[in-house]
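[1] 3D model of this:
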Amino acid sequence: YTLGKSGEQVKIILLDTRYHRDQPGAKADLLGNEQWAWLEKEIKAGDADLKIVVSSIQVLSGEHDFEKWANYPASRQRLLNLLDGEKNVLLISGDRHLAELSKYRYPSGQELWDITSSGFTHSFHNPDDKRNKNGLRQGPLYDRLHYGLLLIDWKKKEAVAQIHTLNGDTALEATIPFGG
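    Residues are numbered from 1 along each chain as shown. Model prediction:
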C-alpha cells in the first residue's frame, strides 16, 4: 500500500511469513521465490519516501528462544542484503507479546531498525533476559499491555517510534532518521 502525496509517501509492505515457510534450518526459506521477487521489486522501486516492511515475526533479534527470522538464517541474510544501502526502510514486527526497539548497524554505518509491538490484548509479563536476550535492543523491553505508534516528521526526515501504555503514556521511544 502506498499512502500520501509526493514527497510524503509511505509504502507499507506486508510480508507473508507463513504460506511458503520451510521447516527452520540453515538454508530454509521463509518467503518463497515469488514473494522474494515481489519484495525485491517493491524495495528497489523509488516510488515512496519511506518504506515500512511488516513481518509477523522479528527480523533483527536473533538470540531469544522464540520464533524469529534468525531460525531461517539464509532468509534473514538475504533480507539484510536486500535492504543494505536502502536508507528509507523501517521494519515493524510482532508476535512476541512484548515491545522492544532493535537496531542493526551495517559495516557501512547504515542503521536498520525493527520496531516490535504486540501486546494489546495480552502480554508476556516479567520476561527473563536469558530466554529473551537481544543484543540489538535499544533501551529496555516493555512487557505490559501496549500499542505502537509511528510519527513521521517529513521536514526532518525522521520517524519517531513510540510504544505507549494503555493509558497513553510513552513507555519506549526512538527517533529514527530516514532518507539521508
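[2] for Arg131, give its distance to Phe120.
    The gap separating Arg131 from Phe120 is 22 Å, by Cβ to Cβ, to the nearest Å. For the C-beta atoms, the positions are set from N, CA and C on the backbone; glycine is no exception.
[3] please, where are all the strands along the protein?
    For the chain, applying DSSP state E gives strands covering 2-3, 10-14, 50-55, 89-93, 99-105, 111-117, 146-153, 158-165, 170-177.
[4] for these, which one ends up most surrounded?
    Each of these was scored by mean neighbour count; the highest is strand 111-117, a mean of 23, by mean count of other Cβ atoms under 10 Å.
[5] residues touching the most centrally placed residue in the chain, list them.
    Computing the C-alpha centroid of the chain and ranking residues by Cα atoms, centre = their mean puts Leu91 first, at 2.5 Å. By Cβ atoms under 8 Å, 6 or more residues apart in numbering, the contact set of Leu91 is 52-55, 59-60, 112-115.
[6] over to His122?
    Taking Cβ under 8 Å, 6+ apart as the test, what His122 contacts is 97, 145.
[7] in the protein, where is pLDDT below threshold?
    Scanning the chain for pLDDT under 70 picks out 126-128, 180.
[8] any idea how far the nearest residue to Leu166 once chain neighbours are set aside is from Asn132?
    In this structure, Leu166 finds its nearest non-sequential neighbour in Leu145, 5.1 Å apart by Cβ to Cβ, 6 or more residues apart in numbering. Separation of Leu145 from Asn132 (Cβ to Cβ) stands at 17 Å.
[9] who's more crowded, the two?
    Taking neighbours as other Cβ atoms under 10 Å, Leu145 and Asn132 compare with Asn132 leading, 19 against 16.
[10] now the more buried one, nearest residue through space, not along the chain?
    Excluding the flanking residues, the one nearest Asn132 by Cβ to Cβ, 6+ apart is His64, at 4.9 Å.
[11] count of neighbours near the one you found?
    Neighbours of His64 (other Cβ under 10 Å): 19.
[12] wait, Leu101 sits on Ala174?
    Yes: with contacts counted by Cβ atoms under 8 Å, Leu101 reaches Ala174, the gap being 4.8 Å.
[13] any shared contact partners between these two?
    The contact sets of Leu101 and Ala174 overlap at 113, 115, 138-139, 161 (Cβ under 8 Å, 6+ apart).
[14] can you put these in a markdown table and add distance to Asn71?
    Output for the shared contacts of Leu101 and Ala174, formatted as a markdown table (distance: Cβ to Cβ, whole Å):
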| residue | distance to Asn71 |
| --- | --- |
| Trp113 | 21 |
| Ile115 | 20 |
| Gln138 | 22 |
| Gly139 | 25 |
| Ala161 | 24 |
